[in-house]
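> Could you work out the structure for the sequence below:
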Amino acid sequence: MKIFRIAAVLVLAALLTGCSGGSIYSNYRELEQLMVIQTLGFDRTSDGVRLSASSGSDSAGGGGGGGSESGTEQSGSESVARLAAEAPSFSLAEEKMQDYSAREDLFFAHTAYIAIGGASAKESVKPFLDYIERSTDLRLDIPLFVVTNGTASELVLGAGGETYDATSVLRSLERNIILRGDGVIFSATEVVSSLDENGCALITAIKSVKADKAVKEAKAAELTAIPDGFAVIKNGQAVGSVPVDCAKGVNV
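A predicted model of the protein is given here:
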């Protein structure tokens, strides 16, 4: 029995040390190998969905270069990368973006914001919420936005410049909303819970506008986002809105 116990300990030690340099993980990646996605955009297309992504200016992997190929776009400088892909499903769109990422593995676990196109929200937000809930990478507490005057892709790919992106724009907008106290930013969890309990929910609405109208240093082609009240979601569809001047204190 004593010999058996010693053998078991030795086997366990071998498994823990293994051939992975002392790590019990076999599929880890160095930080420099990751392109950290911080903002995602969800849109519907005639054949499925369009997934847009921006790495943020502090992405470990940095920018990508590249071009556009098979529905995938990638642009950016040394510090910001922007990608988009169309596919029948979000999982396939993720795979397509990964295929055309220049060097790094896409990393979605640090996604900070998700934007949904206005027209797509009018059809239904349920597929987007289902995707967030099923995803093993995305957190349920991610803040959601509805872009009332365009697609999410336009904002995610067009916001910011060479050294900042949609993540910086939405982070600044979130901070301003909190400081003013005239709005609330709801997470995916809160939206799902409200739909389950009440059959309706609110999602913070934003408009994409030319950045040079708000920021003197911005270039004409750059976009930014401004508050636009709330999108009212009923039975999964955006059926109306609450304007900015009525947004303070509104809830379901």
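
> where does the chain dip in pLDDT?
1-33, 57-78, 102-103, 182, 213-220, 247, 249, 251-252 (pLDDT under 70).

> Kindly recompute the last result at 50.
Where the chain drops to pLDDT under 50, the residues are 2, 4, 9-12, 14-16, 18-29, 59-77.

> And the helices in it, which stretches?
For the chain, the helices defined by DSSP state H cover 2-17, 90-100, 118-123, 126-134, 152-158, 166-180, 188-198.

> which one of those helices is the most hemmed in?
helix 152-158 (a mean of 25; mean count of other C-beta atoms under 10 Å). From N, CA and C alone the C-beta is placed, and that goes for glycine too.

> for stretch 35-55, the distance to its chain's centre please.
Averaging C-alpha positions (C-alpha atoms, centre = their mean, to the nearest Å) puts stretch 35-55 7 Å from its chain's average.

> One more: stretch 120-137?
With C-alpha atoms, centre = their mean as the basis, the mean position of stretch 120-137 lies at 12 Å from the chain mean.

> Output the helices of the chain in JSON lines; the columns should cover distance to residue 79.
Putting the helices of the chain into JSON lines (distance: least, C-beta to C-beta, whole Å) gives the following:
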{"stretch": "helix 2-17", "distance to residue 79": "38"}
{"stretch": "helix 90-100", "distance to residue 79": "19"}
{"stretch": "helix 118-123", "distance to residue 79": "29"}
{"stretch": "helix 126-134", "distance to residue 79": "27"}
{"stretch": "helix 152-158", "distance to residue 79": "16"}
{"stretch": "helix 166-180", "distance to residue 79": "11"}
{"stretch": "helix 188-198", "distance to residue 79": "28"}
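
> out of the ones you listed, which comes closest to residue 40?
Closest to residue 40 of the helices of the chain is helix 152-158 (C-beta to C-beta; 7.2 Å).

> Which secondary structure elements does the closest one sit against?
Where contact means 3 or more C-beta pairs under 8 Å, 6 or more residues apart in numbering; DSSP states H and E, helix 152-158 is packed against strand 39-45, strand 48-54, strand 81-87, strand 113-117, strand 200-210, strand 223-234.
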